[in-house]
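Peer 1: I'll drop the sequence and a predicted model, then ask my questions.
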Amino acid sequence: MYPQIYSMLKKYLFILLCCFTQTVFSQTKTLPSTLPVKPKLIIGIVVDQMRYDFIYRYWDKYGNDGFKRLLSQGYSCENTHYNYVPTYTGPGHSAIFTGSVPAIDGIVANDWYDRSLGRNVYCVEDDTAHTVGATDKSGKMSPNRLLVTTITDELKLSDNMKSKTIGISLKDRAAILPAGHAANAAYWYDDKTGNFVTSSFYMTTLPQWVNDFNNQKLADQYLSKPWTTLLPIDQYTESTADDMPFEDTYKTEAKPIFPHDLPTLASSNTGLIRVTPFGDSFTADFAKATIQAEQLGKGQFTDFLTINFASTDYVGHQFGPNSIEEEDTYLRLDKDIANFLSFLDTYLGKDNVLIFLTADHGVAEVPAYAEMNRIPAGVFSTADAMKELKEALQKNFGTDNLISEFENQEIYFNDSLIDDKKINERQLINVVTETLMKMNGVANVIRTEGVIDDLLPDFEQHILRNSFNAQRSGDLYVEFLPGWFEDRAKGTTHGTFYNYDLHVPLLWYGWKIKNGNSTIPTETTDIAATIASLLHIMEPNGCIGKPIEGLTR
Ligand SMILES: [Zn+2]
């Protein structure tokens, strides 16, 4: 009897011991070591118009502590693309922070034609709001046209609104859309006063620290000296000569060349700081002031700051991606990022901050520069196209007023007139398509409603399905040939689904992020999904992205 009990006891003891060791072992395996369970602060940096290759094109000229530090200590998703059109700032910031696409999040462009209002609307305009921090209309803004939640909203929802979430940029839309609906604040630049301002959507008066920051008049200081190159100008071997006929000039400037006389130009160029690298330095100054004044990352809950460096976009538009101005802007941004990282080292320590850096879209080559090198490209004139369309419509239907708007490569039909005149829509589409297909630069005209043509390549179908919002998008999408864009005589722009507009950097750094890189295809809609997964919170409600695997230590 006893030996039997003894052997049973031995068996149970053994099982118990196994369970115990397994539990302890598996716990030591999954529990974080000394790293905090959540980062104290998340910082989403969006470099406006930064194409993927700008990391490597200027590599030899970057210092060790900016972009190179993010790469040498962080994780780079080298193959990150957008997955919709149009590739503009409003939709780009929405996609990054909502993990969603225009078809769902509703931000179908920066401006679009609102059929119910019968006029164009701006993606963050809000007539019910008023400016806080200035007297003009620059603050009549809110995220009210964004249909979905952001990752910043979800962070707040996850902890009973205890996290602080703030968005900053020179551009209103690039501050407002990332910060989301439940944000504590979003701040952007007011050209008239030189102040960072906000909207009554967030608060009734500016915090004292923002007034103090504004009172320093830093923008004026930055514009008090000419813009000269950081390095001797002959070292800018990655760029074309300084004086190229396809670069745009500042108003009243004779030639697009260094030194750019900012003190003189300031009087004739409203918001000049935007179109200089110093707009980014100024934004970085404000980011540091925000972190310190709001004590971001010092509380019990994870805070989230979104920063958009917009000057890279303004400079890029005016001078193009092959200009010395563009290169100098990136070399200076590299220094601003180095200073910012060093500030964070002291303020919180690297392991307490999760940073990601990406861009809201890429950019096309300047068509004249591309053509100079025998690469197909061109500029499509919407005004010329509208003239031809009106003639064709008049001839075929006896009225030239059947198109309400042609913008963002999309055509909005005049629905009420079509009904009144009982116009056959199929016939109308045929006439419009035939007219446009005869024009230089047009590759295809695609209906946005219903089934997207099965004959289109898979890649294009994927993009177009994500792009069109039944309420807000146009009726037809006018696809351009590669290298082509709308309505810009000098400089360059973005907006298409070609790789130069889609392919952006995606760098992760800090809290739990391991060092490495991956060429596994990633979409910018994966960013919000990844943050949600790392934090064990809900992804934004319209998120279609997937968490990126293999980022963490
Ligand atoms: Zn732009």
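Peer 2: Now that the structure is in, tell me what you want to look at.
Peer 1: can you give me the helices for the stretch 401-550 of the chain?
Peer 2: In the stretch 401-550 of the chain, the helices defined using DSSP state H, counting those that start in this stretch lie at 415-420, 425-437, 458-467, 499-502, 526-535.
Peer 1: what's the burial count for the nearest residue to Val442 once chain neighbours are set aside?
Peer 2: In space, and not counting its chain neighbours, Val442 is closest to Leu436: 5.1 Å by CB to CB, 6 or more residues apart in numbering. C-beta: built from backbone N, CA, C; applies to glycine. Close neighbours of Leu436, defined as other CB atoms under 10 Å, add up to 22.
Peer 1: and if you look at Leu464?
Peer 2: Leu464 is flanked by 20 other residues according to other CB under 10 Å.
Peer 1: dump the helices of the stretch 401-550 of the chain to JSON lines, plus distance to Ile307 and mean pLDDT.
Peer 2: Rendered in JSON lines, the data for those read as follows (distance: least, CB to CB, whole Å; pLDDT from 0 to 100):
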{"stretch": "helix 415-420", "distance to Ile307": "41", "mean pLDDT": "96"}
{"stretch": "helix 425-437", "distance to Ile307": "40", "mean pLDDT": "97"}
{"stretch": "helix 458-467", "distance to Ile307": "26", "mean pLDDT": "93"}
{"stretch": "helix 499-502", "distance to Ile307": "22", "mean pLDDT": "98"}
{"stretch": "helix 526-535", "distance to Ile307": "15", "mean pLDDT": "97"}
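Peer 1: mind checking those helices for the one nearest to Glu365?
Peer 2: Closest to Glu365 of these is helix 499-502 (CB to CB; 6.9 Å).
Peer 1: buried ones in that closest one?
Peer 2: By neighbour count with 16 or more other CB atoms under 10 Å, helix 499-502 contains the buried residues 500-502.
Peer 1: once you drop chain neighbours, what's closest to Asn81?
Peer 2: If you look again at residue 81, you'll see it is His, not Asn. In space, His81 is closest to Leu502, 4.3 Å off (CB to CB, 6+ apart).
Peer 1: what's the closest of the buried residues of helix 499-502 to Thr302?
Peer 2: Leu502 (30.5 Å).
Peer 1: quick one: the closest one and Val363 touch, right?
Peer 2: No: with contacts counted by CB atoms under 8 Å, Leu502 stays clear of Val363, the gap being 10.8 Å.
Peer 1: can you pull out the strands in the stretch 301-450 of the chain?
Peer 2: 303-309, 353-358, 378-380, 403-407, 410-413, 442-447 (DSSP state E, counting those that start in this stretch).
Peer 1: just these: most buried one?
Peer 2: strand 303-309 (a mean of 28; mean count of other CB atoms under 10 Å).
Peer 1: packing partners for it?
Peer 2: strand 41-47, helix 151-158, strand 165-168, helix 172-179, helix 278-293 (3 or more CB pairs under 8 Å, 6 or more residues apart in numbering; DSSP states H and E).
Peer 1: buried ones in the last one, by neighbour count?
Peer 2: Right, the one you point to is helix 278-293. Residues 278-287, 289-291 are the ones in helix 278-293 that count as buried (16+ other CB under 10 Å).
Peer 1: could I get the residues you listed as a markdown table with distance to Arg57 and pLDDT?
Peer 2: Below are these laid out as a markdown table (distance: CB to CB, whole Å; pLDDT from 0 to 100):
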| residue | distance to Arg57 | pLDDT |
| --- | --- | --- |
| Phe278 | 22 | 98 |
| Gly279 | 21 | 98 |
| Asp280 | 18 | 98 |
| Ser281 | 21 | 98 |
| Phe282 | 25 | 98 |
| Thr283 | 22 | 98 |
| Ala284 | 22 | 98 |
| Asp285 | 27 | 98 |
| Phe286 | 28 | 98 |
| Ala287 | 25 | 98 |
| Ala289 | 32 | 98 |
| Thr290 | 31 | 98 |
| Ile291 | 30 | 98 |
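Peer 1: re earlier: could you save the strands of the stretch 301-450 of the chain as TSV and add columns showing distance to Phe340 and mean pLDDT?
Peer 2: Shown next, in TSV, are the strands of the stretch 301-450 of the chain (distance: least, CB to CB, whole Å; pLDDT from 0 to 100):
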stretch	distance to Phe340	mean pLDDT
strand 303-309	9	98
strand 353-358	9	98
strand 378-380	37	96
strand 403-407	36	97
strand 410-413	38	97
strand 442-447	42	94
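Peer 1: pipe the ones you listed into a markdown table and attach distance to Thr198 per row.
Peer 2: Formatted as a markdown table, the strands of the stretch 301-450 of the chain follow (distance: least, CB to CB, whole Å):
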| stretch | distance to Thr198 |
| --- | --- |
| strand 303-309 | 14 |
| strand 353-358 | 24 |
| strand 378-380 | 37 |
| strand 403-407 | 28 |
| strand 410-413 | 31 |
| strand 442-447 | 40 |
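Peer 1: wait, which of those is closest to Phe485?
Peer 2: Of all the strands of the stretch 301-450 of the chain, strand 378-380 comes closest under CB to CB, at 6.6 Å.
Peer 1: can you list the strands that the closest one pairs with?
Peer 2: strand 484-486 (parallel) (DSSP bridges).
Peer 1: low-confidence regions, the stretch 151-300 of the chain specifically.
Peer 2: Within the stretch 151-300 of the chain, no stretch has pLDDT under 70.
Peer 1: and the residue nearest the centre of this protein?
Peer 2: Asp360 (2.4 Å; CA atoms, centre = their mean).
Peer 1: can you name the residues that contact the nearest residue to that one once chain neighbours are set aside?
Peer 2: Spatial nearest neighbour of Asp360, excluding adjacent residues (CB to CB, 6+ apart): Gly92 at 2.8 Å. Residues in contact with Gly92, defined by CB atoms under 8 Å, 6 or more residues apart in numbering, are 46, 82, 359-361, 524.
Peer 1: what angle sits between the strand or helix carrying Gly92 and strand 303-309?
Peer 2: Using DSSP states H and E, Gly92 sits within helix 89-98. Angle between the axes of helix 89-98 and strand 303-309 is 150 degrees (criterion: axes from the mean of the first three to the mean of the last three CA atoms, to 10 degrees).
Peer 1: quick one: helix 89-98 to helix 151-158, angle?
Peer 2: Going by the same axes, to 10 degrees, helix 89-98 makes 30 degrees with helix 151-158.
Peer 1: send me stretch 445-464 as PDB with only the CA atoms.
Peer 2: Extracted C-alpha coordinates of stretch 445-464, given in PDB (Å, rounded to 0.1, in the frame of the first residue of the first chain):
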ATOM      1  CA  VAL A 445      -9.100  57.000 -68.100                       C
ATOM      2  CA  ILE A 446     -10.600  54.800 -65.500                       C
ATOM      3  CA  ARG A 447     -14.100  54.800 -63.900                       C
ATOM      4  CA  THR A 448     -13.900  55.000 -60.200                       C
ATOM      5  CA  GLU A 449     -17.300  53.600 -59.500                       C
ATOM      6  CA  GLY A 450     -18.000  49.900 -59.400                       C
ATOM      7  CA  VAL A 451     -15.600  47.200 -60.600                       C
ATOM      8  CA  ILE A 452     -12.200  48.400 -61.500                       C
ATOM      9  CA  ASP A 453     -11.100  47.100 -64.900                       C
ATOM     10  CA  ASP A 454      -9.900  43.500 -64.600                       C
ATOM     11  CA  LEU A 455      -7.500  44.100 -67.400                       C
ATOM     12  CA  LEU A 456      -5.400  46.500 -65.300                       C
ATOM     13  CA  PRO A 457      -2.200  45.000 -63.700                       C
ATOM     14  CA  ASP A 458      -2.700  43.600 -60.100                       C
ATOM     15  CA  PHE A 459      -0.500  46.300 -58.700                       C
ATOM     16  CA  GLU A 460      -2.700  49.100 -60.200                       C
ATOM     17  CA  GLN A 461      -5.900  47.400 -59.100                       C
ATOM     18  CA  HIS A 462      -4.600  47.200 -55.600                       C
ATOM     19  CA  ILE A 463      -3.800  50.900 -55.600                       C
ATOM     20  CA  LEU A 464      -7.000  52.100 -57.200                       C
END
